[in-house]
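In: let me see the structure of the following:
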Amino acid sequence: MESFMPNPVAVLFAGLIPMLLGSVWYGPLFGKMWMGMIGKTEEELRENFNPIKSYVFTFVMALVMGFILAHLLEAYSVATSQTGLWEGMQGGFWCWLGFVITIGYQHIAFNDQKIGLYLLNMGYNLLALLGMGAILGIWR
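Out: Down below sits the predicted model:
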């Protein structure tokens, strides 16, 4: 069996998707709604915010997600002989459906998270994984 190593540039660009999307999603698009749902003001969010720690850690996690998604898409490609934009987006969707929304629901079940916040976060995660899958599906 051949060893697979994802294209590091594709993983890097895929890792940028959640960062760029998050800056818009939790900023101009839904920032005020999100802050209301978590019960915080901008001032309260800034109090203990360490941007270097937060953004670096988030980017590293996005790179891990891109790396793993690339491996899953490769396995799918080997099994079906299909690859490309649509297959990459399908892979992102199935990962979101099978893992992200199911694990995310635990916050509603056990942490008293409101359904609106769950839906807002899951929408962001869906778009992030679709974008990552698209990049990784096209750019192998």
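
In: helices and strands around whatever helix or strand Gly116 lives in, which ones?
Out: Assigned by DSSP states H and E, Gly116 falls within helix 115-138. In terms of contacts (3 or more C-beta pairs under 8 Å, 6 or more residues apart in numbering; DSSP states H and E), helix 115-138 is packed against helix 8-24, helix 31-38, helix 51-80, helix 85-95, helix 101-104, helix 106-111. All C-beta spots, glycine's among them, are computed from the backbone N, C-alpha and C.

In: so which of the ones you listed gets nearest Ile135?
Out: helix 8-24 (4.6 Å; C-beta to C-beta).

In: would TSV of the helices and strands packed on helix 115-138 with distance to Ala128 be doable?
Out: Converted to TSV, these look like this (distance: least, C-beta to C-beta, whole Å):
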stretch	distance to Ala128
helix 8-24	4
helix 31-38	15
helix 51-80	8
helix 85-95	8
helix 101-104	13
helix 106-111	17
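
In: ok, which of the ones you listed comes nearest Leu45?
Out: For the helices and strands packed on helix 115-138, proximity to Leu45 was assessed by C-beta to C-beta; helix 31-38 is nearest, at 7.1 Å.

In: centre of the chain to whichever helix or strand comes after the closest one, how far?
Out: Per DSSP H and E, the first helix or strand lying C-terminal to helix 31-38 is helix 42-47. Its chain's C-alpha centre and that of helix 42-47 lie 24 Å apart, by C-alpha atoms, centre = their mean, to the nearest Å.
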